[in-house]
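# Need coordinates for the following:
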Amino acid sequence: KLVDNFWNKKIIKYPYDIFNINLNILENFEGWGKKSIYNLKNSINKSKVVQLHRFIFSLGIRHIGEENAKVLSKHFLKASKFFDVSKKLDYNKEKYIEELQSIDGIGNSQIDSLKRYFSNNQNLRIVSKLIDILNIKDYKYLSKKTPISGKLIMFTGGFAYKSRSELKFLAESLGAKIASNISKKTDFLVAGSKKPTIRKINEAKNLNIKILTESDWNKIIN
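Reported below is the predicted structural model:
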């Protein structure tokens, strides 16, 4: 109701206007006292500090839900890097689309939505201004060293003791990055005992990437 009211009174039009409201004019509106204006000011200032994944999610891009936003923040680390790559999807299609395709959890639907969103000049202006106004916290991996800190890891097949999703989450919590495609940068391919993808195993062998069994993996993380 508050946002609707501000919109109708032409106080805000774009998301970044929220952070530039002249709060003094609220004294002229019914129901606004000094305390409520003070509380609103504090709330707005508090909301200027935001984690990267919450910022990406807040843009309302189709197919980019909370989990996808977390995946993107883990890959790009900084709002400026996310914005720089996203706005160039139409200009250097192959290079930047390949980068997005390499991110585990990001598929064609998400990539197409990012392209559409950032091909809109108004969206570009809004995101650019928000990045300037807000204090968007960089995504930070675990600071303490673990045997897999900074390693790029891919999982294939089913596992006996944990689901693949649980294993990915655990790996990320220990500082690893998860890959969705085999490349020269991949450090380990962890192959489950249940129907691992033979193509991925052969690709790993051709690139001399170390292939780990579930038992090997458990020894490393334990």
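# Kindly tell me how buried the closest residue to residue 117 other than its chain neighbours is, as a neighbour count.
The shortest distance from residue 117 to any non-neighbouring residue, by C-beta to C-beta, 6 or more residues apart in numbering, is to residue 61 (4.7 Å). Just so you know, the C-beta spots here come from the backbone N, C-alpha and C atoms, and that holds for glycine as well. By other C-beta atoms under 10 Å, the residues close to residue 61 number 21.
# Assumed residue 61 was part of a strand.
No - assigned with DSSP: H, G, I helix; E, B strand; the rest coil, residue 61 falls outside any strand and is coil.
# That one reaches residue 114, doesn't it?
Yes - Residue 61 lies in contact with residue 114 (C-beta atoms under 8 Å); the separation is 6.4 Å.
# what's the closest residue to residue 179 other than its chain neighbours in contact with, if anything?
Using C-beta to C-beta, 6+ apart and skipping residues adjacent in sequence, the residue nearest residue 179 is residue 154, 4.4 Å away. Counting by C-beta atoms under 8 Å, 6 or more residues apart in numbering, residue 154 touches 104, 178-182, 186, 188-190, 200.
# one more time with 6 Å, if that's ok
By C-beta atoms under 6 Å, 6 or more residues apart in numbering, the residues touching residue 154 are 179, 186, 189.
# Go through those residues and say which is closest to residue 118.
Checking these against residue 118 by C-beta to C-beta gives residue 179 as the nearest, at 24.0 Å.
# beta partners of the closest one?
Under DSSP bridges, the beta-bridge partners of residue 179 are residue 103.
# Next, find the distance separating it from residue 94.
19 Å (C-beta to C-beta, to the nearest Å).
# For those two, indicate the residue with more neighbours.
Using other C-beta under 10 Å, the more surrounded residue of residue 179 and residue 94 is residue 179, with 20 against 7.
# I figured that one was touching residue 186, is that so?
Yes - between residue 179 and residue 186 there is a contact under C-beta atoms under 6 Å: 5.4 Å.
# any residues in contact with both of the two?
Joint contacts of residue 179 and residue 186 (C-beta under 6 Å, 6+ apart) are 152, 154.
# mind listing the helices for the chain?
2-8, 34-47, 52-58, 66-76, 79-86, 93-101, 108-118, 121-133, 164-173, 198-206, 214-221 (DSSP state H).
# just to revisit the earlier point, do you know how far the residue nearest to residue 117 is from residue 33?
38 Å.
# low pLDDT regions in the protein?
Residue ranges of the chain with pLDDT under 70: 91-92, 141-144.
# Looks like residue 123 contacts residue 117 (just checking).
Yes - if you go by C-beta under 6 Å, residue 123 and residue 117 touch, sitting 5.4 Å apart.
# who has more neighbours, the two?
Taking neighbours as other C-beta under 10 Å, residue 123 and residue 117 compare with residue 117 leading, 20 against 17.
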